[in-house]
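K.L.:
turn this into a model:
(2 chains)
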Amino acid sequence: MNSILLLIALLPLFGALVNGVRAFAKPLQPKNRAVTNFLAIASTGLSAVFAAWVAISYQQPWEHSYFTWIPAGIGHVTGGFLSNFGTDFALRIDPLSITMMLVVTWIGFLIHVYATGYMAHETGYTRFFTYLNLFMFMMLLLVLGANYIVMFVGWEGVGLCSYLLIGFYYEKNFAADAGKKAFIVNRIGDFGFILGIFLIFNTFGTASYGRVFALASANPLHYSGVATAICLLLFVGACGKSAQLPLYVWLPDAMAGPTPVSALIHAATMVTAGVYMVVRSNVLFRLSPVAMMVVALVGAATAIFAATIGLAQNDIKKVLAYSTVSQLGYMFLGAGVGAFTAAIFHLMTHAFFKACLFLGAGSVIHGCGGEQDLRKMGGLRKYMPQTRWTMLVACLAIAGIPMFAGFYSKDEILSGAWGFPKFGPAIWFVGAAGAGLTAFYMFRLYFMTFSGSYRGARVEGIETSEPEHGGHSLIPDRTHLDEGDVDLDKGHGHHADVHAPHESPLAMTGVLMILAVLSIFGGWIGWPAALGGSLPTPFQRWLEPVLLPLGGHEFHFHEASIGLEIALMATSVTIAVIGIFIAFRFYKRDETFSIPNRLATRFAPIHGLLTNKYYVDEFYNATFVRGTVVFSRALSWFDANIIDGLVNLTRHVTVFLLGYGSSLFDQFIVDGAVNGLAYSAGASSRMFRKMQTGFVQNYALVMGGGIVLIAAVYLFLKP
Amino acid sequence: MKYDFGIDGIALLLILLTTFMGLIAIWSSFSAIDHRQKEYYVLLLLLQTGMIGTFCALDFFLFYVFWEVMLVPMYFIIGIWGGPRKLYAAIKFFLYTLAGSVLMLLSILALYFFNDGGIPFLHIIGLGNGYTFSMLQYHNIGHLIPVGLQMWIFAGFFFGFAIKVPMFPFHTWLPDAHTEAPTAGSIILAAVLLKMGTYGFVRVALPMLPQATKKWLPFIIGLSIIGIIYGALVTLVQKDMKKLIAYSSVSHLGFVMLGMFALNPMGIKGSVIQMINHGISTGALFLLVGIIYERRHSRMIADYGGLAKQMPMYATIFLIAALSSMGLPALNGFIGEFTILLGVANRSIWWAASAGLGIVLGAAYLLWLYQRVFWGPLDNPANQKVRDLNRRELALGVALVACMVWIGIYPKPLFDMIDKPVDYIVRKVDPGYFDLQQMPVPPPTTVATVEATK
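P.N.:
Here you go, the predicted model:
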């Protein structure tokens, strides 16, 4: 089993390495796509099969150390103990890591398949799959690691892949900017994360989950003080990776990457790493009510904040991006109120329906020749029926309509929020209101895309029946401006001939259908007690071993009376239905969108605020980015003129004081310094000539002098 | 006359670094140096002798001789084969380091006299152990030196070493020397010469002057943290690629100093490992800048853009070198930075927090550089016909990348090599460090962390 587990992670790495070498060795020649496909798909597919095998044969949590990675040495632990601060490369299997592993490998595999269709005409095809496979490897390290350091490796590794994939169209400045921004914002989060890891080392003498959680759960009172600091620092890391306030700004820009990347990395897997980390550290978080409160509040605030921005975006991927930020907020909200299983449950269902939505959006963009503006779509139900039906299912799932996956997970989170001792109902209300907004903007997206009649020009589209056109650059030269915002992912559309939107190939629609099915049935494993399920639900029972007892007290799942549960559900479903209905009135019934347009005019300031995303990017640019650069320029000036000026001044003074001394040594310094300072070309060249002809002896002499001095001291002063 | 010669794991690692990077530097010069080649290689080899000699010396006499020998060939390498302001840079480099080493010489002499007769005019009574330059002897008598004298001796060594490191605010010779030196000169300078200072601290200052080390500690920690952040900020806005990488060295060497003065095994081990890593990563970056300079004769960032399209191999290797330099896990830089910060945090989480800002800024300046040089449109016509790496350059790059990956994934052999010497130093500087009790094993819980047997 040990080697199988390792193989699950290593297979994608193998695919990445081979494809990487192929891409590296002959960068400018087109590669054999069949080979690339085989390596990429077979490695992830096999990895997914092995993952399923490990899951099926799972009996109890275990971990295995493969080799000693960083034998850092003996350190002092708070309380006056020594401990070995070394780190092993170790992997762990328990219900939580199995859940994550299955989501990552299977969704990853599906998206790889989809990408073979979507990316078929790109020049950097092999490079793309290299990065994508590398991402799978890093993500698997993140979720399978048995200590915080291995998690951190995966954590930064997925960040690197995200950077490379966002910047996949590196020739476009917006893609390059977005990649860099993602990496740097994530680094700010990672800074907190690694400080948290150091505090864990100082407190527990190790970063291994097994030991840390065993110590913490055995002596909860002893560790509760430091747990707050640790958890808050870890949560800074989670905010960066999972795009929470105030570090969410990179995620919407990350849509510059190809759409399969947005689906895999920026919706289904990588961005949920923060949620995984918080749930993984649930023992520590439960020790600190303050940290839990912070997590819940940040989650709730992000959920509603991002949802409001999502209301007014016109780029299909931007809407989905803000919806991802908002949904991640729900997951943190769940974790913060102690509904850890609900957070992971929502993570999983979200992976299904959000992957489906993004891939559906990709299919739409593909079919419309690279168009991402919702206002130029419409009526696509005629042209792309499969995409339409699958996206409808995913929209119903995210809106939280009963029978669809999102309903069960979101409901579990909201019900947990209601029962939270501090501000429970208030947090619930924020969550429910956010759910209404979500339902509205998702169906706005749906109706604007598929209903009515087609509003775009006859597009210059990609033509799958012309494979000989593959291989040339698909990055169009024009950049499309959308209200001052650069349109992203314009990688599709290159033909001069004009034709109608069309359905995508089977590799894409097939994946969409699988994900749509999961977006329905994936939620049924968490069927709540209020609707005739069991308590705890099967999913809660599955994850229970991860929720260690604290000081002997078993973890209790939140339970409420069935009447209250049903009332809460009914309310949130009603809010969601109202959201859908408004979207229907605004965007389906009326082709000209007269109501929303009127509202936008009447409430122009608010509308402006929303379309401009509350000007947060502008604010960050003006303060942090600009501030750092200006301050650095000042420092650079200070360095060149003051610090170095002092050095040069010292030399002037020395030269002045020594004057023209008689000894050779003095002469050398003076000459050297004076000449070195002289700006005239004549002086330098004279110096240069001297240096070449005679000054070697001087150095030899100086050196010899020093040696003689020491030798003399040694010989004569020795008794 | 008797002299001591010997190495331990720390010196061995640095010698390996010296020989490896020396090879890289020489091989990188084949096309870069087109005049006075014989003298050039003679000087490079002489430089190697000086550097290896310094690492091998267990005797202050030899140490000082080799220390000074190193200066001369580097002076000529910068002065003859350097860029437009080569003379200014060469002389500045030479005089600045010379000034420091004169003070170091005074400290050596003070130790020398203290071991036997004392220093009468300062009313310092010696130990009467006989006159010797053996470093090992001073490792043993270090704690006997009166604290006041230790402080002064430390000061002398501090200037000698801190200028070489270079620590803030003694760093201004570095950007000039790096910018003007030929590629191989920059590689050696960054990879090995800067390590002389840090090596000096770990070999001389810590074990010989334990009390002074602790008294000087806040000052050195302060300078290191300032160096890390200040260096990184100044790096951010450099317009010249070589200068940018040179300033990043100030930041990186700040980490090395910080880790060393955490005075615990993690900090010092990390510091030694980071010396090696910085040598490889920064050496690689200088090599890569040299490669593009040979083709385009410009080091200005603004002259580039979109090179990834024209030179994909070069761009890939540059990216890996940059990632290694910014401490991305699974590459070498992370191992050093992580271990250093682990040790520093074990002493004070606030120091680690301040230094950690350097990591964030490290990503910022390297990625910004990368974006401006390699990404974006390839719009400068002069860049549109640049050749990608040739075989020799590719081999150099791949060799360096292999080291980065190896150290990043399996650094245990390196750690094993320095394990005992570092413990020795920790015991010298903090004799009670290992006296505490071993942490008890945690009690069993419901989650069994069993070894899987299947």
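K.L.:
for chain A, what's its nearest residue on the stretch 151-300 of chain B.
P.N.:
residue B:265 (3.0 Å; C-beta to the nearest C-beta). Heads up, the C-betas are built off the backbone N, CA and C, glycines and all.
K.L.:
surely that residue touches residue B:429?
P.N.:
No: Residue B:265 lies out of contact with residue B:429 (C-beta atoms under 8 Å); the separation is 11.3 Å.
K.L.:
element containing residue A:68?
P.N.:
Applying DSSP states H and E as the criterion places residue A:68 in strand A:62-70.
K.L.:
heading C-terminal from that strand, find the next helix or strand.
P.N.:
With DSSP H and E, the next secondary element past strand A:62-70 is strand A:74-77.
K.L.:
neighbouring strands for that next one, and are they parallel or not?
P.N.:
Using DSSP bridges, strand A:74-77 pairs in its sheet with strand A:81-84 (antiparallel).
K.L.:
could I have the CA atoms of the partner strand written out in PDB?
P.N.:
What follows is strand A:81-84, C-alpha atoms only, in PDB (Å, rounded to 0.1, in the frame of the first residue of the first chain):
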ATOM      1  CA  PHE A  81      12.100  20.200  26.300                       C
ATOM      2  CA  LEU A  82      14.300  19.100  23.500                       C
ATOM      3  CA  SER A  83      12.800  17.800  20.400                       C
ATOM      4  CA  ASN A  84      14.100  16.700  17.000                       C
END
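K.L.:
list the buried residues of it.
P.N.:
Across strand A:81-84, burial judged by 16 or more other C-beta atoms under 10 Å in any protein chain shown covers A:82-83.
K.L.:
tell me which residues touch residue 382, please.
P.N.:
Went with chain A since none was named. Counting by C-beta atoms under 8 Å, 6 or more residues apart in numbering or on different chains, residue A:382 makes contact with residue A:454.
K.L.:
my question was about chain B, not that one.
P.N.:
B:296, B:303.
K.L.:
quick one: residue A:111 from residue A:343, how far?
P.N.:
23 Å (C-beta to C-beta, to the nearest Å).
K.L.:
let me know the pLDDT of the one residue sitting closest to the centre of chain B.
P.N.:
Geometric centre of chain B, nearest residue: residue B:195, 3.7 Å, by C-alpha atoms, centre = their mean. You'll see residue B:195 listed with a pLDDT of 93.
K.L.:
residues in contact with it?
P.N.:
B:14, B:17, B:275, B:278-279.
K.L.:
try residue B:205
P.N.:
Shown in contact with residue B:205 (C-beta under 8 Å, 6+ apart): B:154, B:157-158, B:161, B:212-213.
K.L.:
and the furthest pair within the residues you listed?
P.N.:
Maximum pairwise distance in those, criterion C-beta to C-beta, is 13.3 Å, between B:161 and B:212.
K.L.:
neighbour count: the two, which is higher?
P.N.:
residue B:161 (27 against 24; other C-beta atoms under 10 Å in any protein chain shown).
K.L.:
surely that one touches residue B:200?
P.N.:
Yes: taking C-beta under 8 Å as the definition, residue B:161 is a contact partner of residue B:200 at 4.0 Å.
K.L.:
who touches both of those two?
P.N.:
Counting by C-beta under 8 Å, 6+ apart, the shared contacts of residue B:161 and residue B:200 are residue B:104.
K.L.:
please identify the helix or strand for the closest residue to chain A within the stretch 1-150 of chain B.
P.N.:
Distance from chain A to each residue of the stretch 1-150 of chain B (C-beta to the nearest C-beta) is smallest for residue B:91, at 4.0 Å. For residue B:91, the element it lies in under DSSP H and E is helix B:86-115.
K.L.:
how far does that helix sit from its chain's centre?
P.N.:
When C-alpha coordinates are averaged (C-alpha atoms, centre = their mean, to the nearest Å), helix B:86-115 and its chain have centres 18 Å apart.
K.L.:
which strands or helices does that helix pack on?
P.N.:
helix A:644-658, helix A:664-677, helix A:681-693, helix A:696-716, helix B:60-81, helix B:135-141, helix B:147-164, helix B:173-180 (3 or more C-beta pairs under 8 Å, 6 or more residues apart in numbering or on different chains; DSSP states H and E).
K.L.:
any chance of a markdown table for the ones you listed, columns distance to residue A:419 and mean pLDDT?
P.N.:
Converted to a markdown table, the helices and strands packed on helix B:86-115 look like this (distance: least, C-beta to C-beta, whole Å; pLDDT from 0 to 100):
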| stretch | distance to residue A:419 | mean pLDDT |
| --- | --- | --- |
| helix A:644-658 | 64 | 82 |
| helix A:664-677 | 76 | 55 |
| helix A:681-693 | 80 | 52 |
| helix A:696-716 | 80 | 76 |
| helix B:60-81 | 70 | 91 |
| helix B:135-141 | 65 | 88 |
| helix B:147-164 | 60 | 92 |
| helix B:173-180 | 61 | 92 |
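K.L.:
pick the most deeply packed of the ones you listed.
P.N.:
helix B:173-180 (a mean of 26; mean count of other C-beta atoms under 10 Å in any protein chain shown).
K.L.:
the helix or strand following that helix vs chain A: in contact?
P.N.:
Sequence order places helix B:183-188 as the next helix or strand after helix B:173-180, per DSSP H and E. No: using C-beta under 8 Å from any C-beta of the partner chain, helix B:183-188 stays clear of chain A, with a minimum separation of 15.9 Å.
K.L.:
what residues sit buried inside helix B:183-188?
P.N.:
By neighbour count on 16+ other C-beta under 10 Å, the buried set for helix B:183-188 is B:183-188.
K.L.:
next one: stretch A:26-37
P.N.:
For stretch A:26-37, the neighbour count (16+ other C-beta under 10 Å) marks A:27, A:31, A:33, A:36-37 as buried.
K.L.:
export the contacts of residue B:205 as a markdown table, with columns for distance to chain A.
P.N.:
Putting those into a markdown table (distance: C-beta to the nearest C-beta, whole Å) gives the following:
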| residue | distance to chain A |
| --- | --- |
| B:154 | 21 |
| B:157 | 16 |
| B:158 | 17 |
| B:161 | 18 |
| B:212 | 23 |
| B:213 | 18 |
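K.L.:
between those residues, which sits nearest residue A:509?
P.N.:
residue B:161 (66.9 Å).
K.L.:
what's near enough to touch the closest one?
P.N.:
B:100, B:104, B:196-198, B:200-201, B:204-205.
K.L.:
swap in residue A:268?
P.N.:
Residue A:268 neighbours (C-beta under 8 Å, 6+ apart): A:103, A:107, A:111, A:350-351, A:354-355, A:358.
K.L.:
just the ones of the residues you listed in helices?
P.N.:
A:103, A:107, A:111, A:350-351, A:354-355, A:358 (DSSP state H).
K.L.:
if we can go back for a sec, list just the nearest of the buried residues of helix B:183-188 to residue A:61.
P.N.:
Distance to residue A:61 across those (C-beta to C-beta) is lowest for residue B:187, with 49.1 Å.
K.L.:
tell me how many other residues surround the residue of chain A found nearest chain B.
P.N.:
Of all residues in chain A, residue A:73 sits closest to chain B, at 3.0 Å by C-beta to the nearest C-beta. Number of residues near residue A:73 (other C-beta under 10 Å) recorded here: 25.
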